[in-house]
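> Make a model of this:
(chains A and B)
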Amino acid sequence: MTENLTIKQASDLLKNKELSSKELTELYLKNITEGKELNCYNYVLEESSLSEAVKSDERRASNSLKSDFDGVPIGIKDLFCTKGTLTTASSKILSDFIPTYESTVTQKCKDSGLISLGKLNCDEFAMGSTNKTSYFGPVKNPWKLKDSKADLVPGGSSGGSAAAVAGDLCIASLGTDTGGSIRQPASFTGTVGLKPSYGRVSRWGIVAFASSLDQAGPITKTVDDAAILLDIISGHDNKDSTSSIKEKENYSQNMNSNVKGMKVGVPKEFMSDDLPKSTLKAWDACKDLLKSNGAEIINISLPHTMSALPTYYIIAPAEASSNLARYDGVRYGLREQGENLIDMYEKTRSEGFGDEVKRRILIGTYVLSSGYYDAYYLKAQKVRSLIKDDFNKAFNDVDAILTPSTPSTAFEIANEPNDPVQNYFNDIFTVPVNLAGIPGISIPFSNDEKNLPIGLQLITNSFEEQKLLNIAKNIEETVQYKATPEKWWIT
Amino acid sequence: MEFDKKNLLKLGKLARISIKDDKLDSLGEDLNSILKFVDQLQEIKTDQVDPTSNSLEQKLLSREDIVEKINEAEDVLENAPEQEMNFYVVPKVIE
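Numbers count the residues shown, from 1 in each chain, chains lettered A, B, ... in the order given. Take a look at the predicted model:
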């Protein structure tokens, strides 16, 4: 009864007084302790989660609940600044940083009475797709290959957020997605991961990586839960000038899984002989499923798809090199002693950043430097326009686009390629969505022959999250994906 | 451009990251591989294309000019590695 709870189920249990928020929080703290080996959490909020749960129970007793979901415990990616609580971005340079302010997203969660169980591990500064770049070590995927004990990557950068939901170390979690960092780990762990439209959710108080691409979003066990969390975290914020003034919708109340008459596009550029047969099979099965539920499947073309990854690996590092200039050993974070100011900067940043972060800062510095700006950064911004234009044209003809979420299922931690470019291909299907600023969701569809989850991605036009969630819900209702990993970490 | 030892050290200076000697080779290899990958964009014709710096089609908003007490000195300095008399302390800049 109390395993793999969804937000909906948990809030029903609380409402029917079958469980108190304190009991629920204790249960999840126990799951976290038992699942320590997964390395999902950088920091567990044992005391404050329990005291918040007690307060929630008191609110329930006095009929003064903050929302229908008051008292539900969730996990927060360690990229959201949380007042008085360690916020590290999984980097050595911020390993003792305690913010004096609260991010808008986590404040909204508090205002709804959600309880934070702790801060979830991720790739350093959200740069990576395996969670291996974390200063606090890799997260282990709760899923295992059939007949093998090898540890698998959970994906990244929100690897802790995805693994914690899959392993039931929280009911749901918050992640961030700059090039696939919510959808790719969701796909690797059999969870639902939603990246909202750029501007739908405030970025204020989130450790910045690439400001024109970053968005926060939920990782959950169901599409309904994703809608619930999006309801809570979305909306305009005066503190983020790039947050949209468009009225937010009531996603969970307006959920309608009817897809009759919907047009779903399938882009030919995502088709490749390199895709695993099981992924192609799942993709085809989903097309058939939508067709039999009344949708029309239309072949479309997004001609600049293959240019998205190189475009991203110019724009994201360029913005990162600028954003991460703030880590200078003066205002916060690590400081290494130097002979003079410049020497102090250089030693601090050399000591404080990991290899992947350094690579991206250096590439970003290069593409922005005098003499190379036009050839690289400006060029990439122009190709970004072409990519966005491809989607605009496609959405003249279709309501949504269906693709695989990732080019493979999860792989062994030990088998990560040494060449950084090889790793970048993990995000080949998710990156175009960030460049265009549109929303995307990964939902689990089936497991492959190795018993690993396969995720499929749905994409809609900007601010059409409702349509996105509706179609996702239709697929979810039809496939009834119920697989959960065996809890091998409990001995 | 190739990321040889000289260029790498210059780039490190620009980015304010000191690069250790024993890392130069592998870092150069990695950066060359990334640069080669992104270089494929040069083949795309973009003469008639405007750049996109941000996908949100929204003008910057103005807000009421009301004083709010945020970023107070005490909060701002809270995480400084070294501070004195409400200032950040850095290594001596002027002799």
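
> Every contact and neighbour count from this point should use C-alpha atoms.
Will do.

> Quick one: neighbours of the nearest residue to residue A:437 once chain neighbours are set aside, just the number.
In space, and not counting its chain neighbours, residue A:437 is closest to residue A:198: 4.8 Å by CA to CA, 6 or more residues apart in numbering or on different chains. For residue A:198, the neighbour count with other CA atoms under 10 Å in any protein chain shown is 30.

> what's the answer for residue B:86, then?
Taking other CA under 10 Å as the criterion, the count of residues near residue B:86 is 10.

> That one contacts residue B:77, doesn't it?
Yes - proximity of residue B:86 to residue B:77 meets the contact threshold set by CA atoms under 8 Å, at 7.3 Å.

> Now do the strands in the stretch 51-200 of chain A.
A:73-77, A:115-120, A:173-177, A:192-195 (DSSP state E, counting those that start in this stretch).

> Go through those and pick out the most buried.
Using mean count of other CA atoms under 10 Å in any protein chain shown, the stretch among these with the largest mean neighbour count is strand A:192-195, at a mean of 35.

> near chain B at all, it?
No - residues of strand A:192-195 are not located near chain B by CA under 8 Å from any CA of the partner chain, the shortest gap being 14.6 Å.

> what's that strand in contact with?
Strand A:192-195 has contacts (CA atoms under 8 Å, 6 or more residues apart in numbering or on different chains) with A:176-177, A:182-183, A:185-187, A:215-223, A:226, A:439-444.

> rerun that using 7 Å as the cut-off
A:177, A:182-183, A:186, A:215-223, A:226, A:439-444 (CA atoms under 7 Å, 6 or more residues apart in numbering or on different chains).

> Kindly report the same for stretch B:12-30.
Among residues not part of stretch B:12-30, those counted as contacts by CA under 7 Å, 6+ apart are A:345-347, A:349-350, A:362, A:365, A:419-420, B:3-5, B:9.

> Now the terminal residues of that stretch, how far apart.
Stretch B:12-30 has an end-to-end distance of 15 Å (criterion: CA to CA, to the nearest Å).

> for chain B, what spans make up the strands?
With strands called from DSSP state E, chain B shows them at B:83-84, B:87-88.

> Look up how far residue B:62 lies from the residue lying closest to residue A:39 once chain neighbours are set aside.
Leaving out its chain neighbours, the residue that sits closest to residue A:39 by CA to CA, 6+ apart is residue A:139, at 5.0 Å. Separation of residue A:139 from residue B:62 (CA to CA) stands at 43 Å.

> Looking at these two now, which is surrounded by more residues?
Between residue A:139 and residue B:62, counting by other CA under 10 Å, residue A:139 is the more crowded of the two (33 against 8).

> Report the contact partners of the more buried one.
Residues near residue A:139 by CA under 7 Å, 6+ apart: A:38, A:39, A:40, A:131, A:153, A:154, A:159, A:160.

> what would those residues look like in JSON lines with neighbour count and pLDDT?
As requested, the contacts of residue A:139 are exported to JSON lines (neighbours: other CA atoms under 10 Å in any protein chain shown; pLDDT from 0 to 100):
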{"residue": "A:38", "neighbour count": "21", "pLDDT": "98"}
{"residue": "A:39", "neighbour count": "20", "pLDDT": "98"}
{"residue": "A:40", "neighbour count": "35", "pLDDT": "98"}
{"residue": "A:131", "neighbour count": "31", "pLDDT": "97"}
{"residue": "A:153", "neighbour count": "30", "pLDDT": "98"}
{"residue": "A:154", "neighbour count": "38", "pLDDT": "98"}
{"residue": "A:159", "neighbour count": "37", "pLDDT": "98"}
{"residue": "A:160", "neighbour count": "36", "pLDDT": "98"}
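
> Rebuild those residues as JSON lines, extending it with distance to residue A:473.
As requested, the contacts of residue A:139 are arranged in JSON lines below (distance: CA to CA, whole Å):
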{"residue": "A:38", "distance to residue A:473": "29"}
{"residue": "A:39", "distance to residue A:473": "31"}
{"residue": "A:40", "distance to residue A:473": "27"}
{"residue": "A:131", "distance to residue A:473": "28"}
{"residue": "A:153", "distance to residue A:473": "27"}
{"residue": "A:154", "distance to residue A:473": "24"}
{"residue": "A:159", "distance to residue A:473": "24"}
{"residue": "A:160", "distance to residue A:473": "25"}
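
> mind showing which ranges of chain A have poor pLDDT?
Along chain A, the model assigns pLDDT under 70 to no residue.

> can you do 90?
Filtered on pLDDT under 90, chain A yields the residue ranges A:1-2, A:248-249, A:273, A:415-420, A:422-423, A:491.

> Kindly report the same for chain B.
Residues of chain B that meet the criterion pLDDT under 90 lie in B:1-2, B:54-64, B:68-72, B:92-95.

> cutoff 70 now
Of all residues in chain B, those with pLDDT under 70 make up the ranges B:1.

> Mind checking which residue lies nearest the centre of it?
residue B:15 (7.1 Å; CA atoms, centre = their mean).

> just to revisit the earlier point, gap between the residue nearest to residue A:39 and chain B?
To chain B, residue A:139 is 24 Å away according to CA to the nearest CA, to the nearest Å.

> same deal with residue A:74?
Using CA to the nearest CA, one gets 27 Å for the distance from residue A:74 to chain B.

> cool, residue A:106 as well?
From residue A:106 across to chain B, the span is 18 Å (CA to the nearest CA).

> Show me what from chain B comes close to chain A.
Counting by CA under 7 Å from any CA of the partner chain, the positions of chain B adjacent to chain A are B:11-12, B:15-19, B:30-31, B:33-34, B:37-38, B:41, B:46, B:49-56, B:60, B:75, B:77, B:79-81, B:88, B:90-93.

> Any of the residues you listed buried? List them.
Among the residues of chain B next to chain A, those buried by neighbour count (16 or more other CA atoms under 10 Å in any protein chain shown) are B:11-12, B:15-19, B:30-31, B:33-34, B:38, B:41, B:46, B:51-56, B:77, B:79-81, B:90.

> what's around residue A:425, how many residues?
The criterion is other CA under 10 Å. On that basis, residue A:425 has 16 neighbouring residues.

> now the longest helix anywhere in chain B, how far from the centre of its chain.
What stands out as the longest helix in chain B, according to DSSP state H, is helix B:24-38. Using CA atoms, centre = their mean, to the nearest Å, we find the averaged C-alpha position of helix B:24-38 to lie 19 Å away from the chain's own average C-alpha position.

> Stretch B:42-52 too?
Relative to where its chain is centred, stretch B:42-52 has its mean C-alpha point 25 Å off (CA atoms, centre = their mean).

> Next: stretch A:43-50.
Computed by CA atoms, centre = their mean, the chain-centroid distance of stretch A:43-50 equals 22 Å.

> And it, what's buried?
A:43, A:44, A:45, A:49, A:50.

> Narrow these to those in helices?
Using DSSP H, the members of the buried residues of stretch A:43-50 that fall in helices are A:49, A:50.

> Dump the buried residues of stretch A:43-50 into TSV; add distance to residue A:4 as well.
As requested, these are exported to TSV (distance: CA to CA, whole Å):
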residue	distance to residue A:4
A:43	22
A:44	19
A:45	20
A:49	19
A:50	20
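
> May I ask which two of the buried residues of stretch A:43-50 are separated the most?
For the buried residues of stretch A:43-50, with distances taken as CA to CA, the pair at the greatest spread is A:43 and A:50 (14.8 Å).

> Pull up the residues of the stretch 101-250 of chain A that are close to chain B.
Counting by CA under 7 Å from any CA, the residues of the stretch 101-250 of chain A lying close to chain B are A:198, A:199, A:212, A:241.
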